[in-house]
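Visitor: Fold the following.
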Amino acid sequence: MSETAAPRKGEAFLTDVPARLDRLPWDRFHTLVCVALGVTWILDGLEVTLVGSLAPAIAASPALQLTETQVGLTASAYLLGAVLGALMFGWLTDRLGRKKLFTLTVLVYLLATVATGFSWDFWSLAFFRFLTGAGIGGEYAAVNSAIQELIPARRRGQTDLIINGTFWAGGAMGALISLVVLNPAIVDPEIGWRAAFIVGGALSFVILLLRRWIPESPRWLMTHGRPDEADRVVRDIEAGAASRHGTLPPAEYGAIRLHHRDHISIAEVVGVMFRRHRDRSILALTLMACQAFCYNAIFFTYALVLTKFYGVAAADVGWYILPFAIGNLLGPLLLGHLFDSIGRKPMITLTYAVSGVLLAITGWAFAAGWLSAVGQTVAWSVIFFFASAAASAAYLTVGEAFPLEMRAMGIAVFYAFGTGIGGVVAPALFGALIEGGERTDIMWGYMLGAALMLLAAFTEWRLGFAAERKPLEEVSEPVSARPM
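Guide: This next block holds a predicted model:
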């Protein structure tokens with residue numbers, strides 16, 4: 001219980017909210033949080049995979065008639081939107097609360113995805129992709145921060161990795177759907193690719209209904225001087241858990257002292273990032289940028305490689321993206337628990353390093369012409385089994401690295417800079433390399449991705465920190481723990 005229900009600004013108070021949240025057994029409430037908040041990743045994976053699978057059909061659309069470079073630019077527009085959306089919505093999430101923003105961001109995503117299905121030329125497609133990216137960028141900030149603050153410390157790493165990894169469950173669904181919508185015997189491809197976006201976006205309306213049952217984060221409430229509200233939310237969660245599991249276990253640590261404040265300023269955010277936690281900022285930027293380049297370079301142009309260099313029919317691309325998506329999904333599912341048991345630092349270092357080495361080998365084999373379409377797909381599936389866990393761990397690291405009051409902004413800043421540096425350039429670059437038609441040029445692009453993954457592994461080995469099974473307040477002390 002909080003020592004005082006209504007502290008005045010600057011006044012100190014005690015709260016045991018973190019300890020009570022971390023002692024909870026896994027409950028139906030936690031499952032609801034994972035489903036209602038994490039389902040966005042499935043829909044995002046569905047929609048993004050459709051873009052990759054449908055790229056040849058979209059490019060050949062009579063209304064659009066896109067070049068390979070323009071296909072790459074539409075992917076870059078999506079990522080640019082994600083960068084700006086993350087920054088804007090991340091800032092608002094820390095000021096206004098997790099619940100308000102994860103409702104707004106999914107609404108933006110829903111409307112923009114549906115609008116993509118009505119695109120009439122390159123510029124309209126790029127604009128709607130930009131808005132879709134803005135919604136999903138905001139989702140990454142609002143949803144990741146909420147999930148990390150509601151899940152018990154002992155399960156936080158595995159849960160976060162699996163939720164981020166479910167993007168690829170949507171990817172597998174997208175690959176299967178593409179096999180239907182691109183089959184001329186079933187539907188006209190011009191209608192099929194448009195319907196895929198419209199229906200996929202409309203399905204996200206279910207998320208809005210589910211999220212009505214998710215409360216505001218008690219940790220956000222307590223760090224914004226509202227311990228009484230935080231206590232009420234936790235009591236409701238505890239009552240539900242106790243009714244299903246019996247007497248709750250005792251807390252493993254005690255109350256913490258905070259000072260009432262509404263929000264922290266941009267100057268304080270900058271001070272925490274670049275003075276108090278400078279090493280963590282370097283680490284976060286490196287992990288995010290390197291995985292973003294690797295992922296976006298390969299995934300957004302995967303269908304173009306298959307059709308141009310291996311002669312795969314556009315209607316059959318889904319068969320090759322399906323195992324790729326499954327490999328990405330299995331990585332976090334099978335390796336996630338190791339990030340809580342063995343630890344963050346060794347596992348992040350290992351997954352980035354293995355991904356980089358395998359990517360370099362595969363790039364060399366591609367240039368030498370040693371791979372078939374099936375061989376290329378097997379190689380990517382193995383590489384991204386490890387890379388998927390590594391990329392998910394990057395989001396986990398950024399969320400854990402900074403204080404509660406700026407968690408969403410921290411995720412947003414490093415997602416934005418990482419995606420801007422590593423992600424926006426990659427699809428356009430690889431689109432141009434593929435359009436040039438030279439395997440050797442593309443190989444050097446793959447080698448660049450491999451080098452960046454190895455750089456990230458080295459940076460984690462040098463600057464990584466232990467966060468496994470620790471409360472968030474111990475990993476990074478809240479700003480409100482110190483007097484104003």
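
Visitor: on contacts alone, who are the packing partners of whatever helix or strand Gly90 lives in?
Guide: Secondary structure assigned from DSSP states H and E places Gly90 in helix 68-96. Here helix 68-96 touches helix 28-59, helix 98-116, helix 122-150, helix 278-299, helix 302-309, helix 407-418, helix 425-436, going by 3 or more C-beta pairs under 8 Å, 6 or more residues apart in numbering; DSSP states H and E. No exception for glycine: its C-beta is placed from N, CA and C like everyone else's.

Visitor: Apply 7 Å and report the result again.
Guide: With contacts defined as 3 or more C-beta pairs under 7 Å, 6 or more residues apart in numbering; DSSP states H and E, the packing partners of helix 68-96 are helix 28-59, helix 98-116, helix 122-150, helix 407-418, helix 425-436.

Visitor: which of those helices sits most buried?
Guide: Among those, ranked by average contacts under mean count of other C-beta atoms under 10 Å, first place goes to helix 407-418 (a mean of 28).

Visitor: Between helix 122-150 and that one, find me the angle.
Guide: Angular relation of helix 407-418 and helix 122-150 on a 0 to 180 degree scale: 140 degrees, by axes from the mean of the first three to the mean of the last three C-alpha atoms, to 10 degrees.

Visitor: would you turn the helices and strands packed on helix 68-96 into JSON lines with mean pLDDT?
Guide: JSON lines is the format used below for the helices and strands packed on helix 68-96 (pLDDT from 0 to 100):
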{"stretch": "helix 28-59", "mean pLDDT": "78"}
{"stretch": "helix 98-116", "mean pLDDT": "86"}
{"stretch": "helix 122-150", "mean pLDDT": "85"}
{"stretch": "helix 407-418", "mean pLDDT": "81"}
{"stretch": "helix 425-436", "mean pLDDT": "72"}
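
Visitor: mind checking which of these is nearest Leu335?
Guide: Within the helices and strands packed on helix 68-96, the stretch nearest Leu335 is helix 28-59; the backing value is 17.0 Å (C-beta to C-beta).

Visitor: got the angle between the closest one and helix 425-436?
Guide: Interaxial angle of helix 28-59 relative to helix 425-436 (the same axes, to 10 degrees): 30 degrees.

Visitor: Just the angle for helix 28-59 relative to helix 278-299, thanks.
Guide: For helix 28-59 against helix 278-299, the angle between stretch directions is 50 degrees (the same axes, to 10 degrees).

Visitor: can you state the direction angle for helix 28-59 and helix 302-309?
Guide: With the same axes, to 10 degrees as the criterion, the two stretches helix 28-59 and helix 302-309 enclose an angle of 30 degrees.

Visitor: got any ranges where the stretch 251-400 of the chain has weak pLDDT?
Guide: 262, 300 (pLDDT under 70).

Visitor: and with 90 instead?
Guide: Low-confidence regions of the stretch 251-400 of the chain, defined here as pLDDT under 90, cover residues 251-276, 288-289, 292-326, 363, 366-369, 371, 373, 395, 398-399.

Visitor: Could I get the full set of strands for it?
Guide: 256-259 (DSSP state E, counting those that start in this stretch).

Visitor: related to what we said a few turns ago, please produce CSV containing the helices and strands packed on helix 68-96, extended by distance to Asn164.
Guide: Supplementary listing: those in CSV, determined by distance: least, C-beta to C-beta, whole Å:
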stretch, distance to Asn164
helix 28-59, 6
helix 98-116, 15
helix 122-150, 8
helix 407-418, 12
helix 425-436, 19
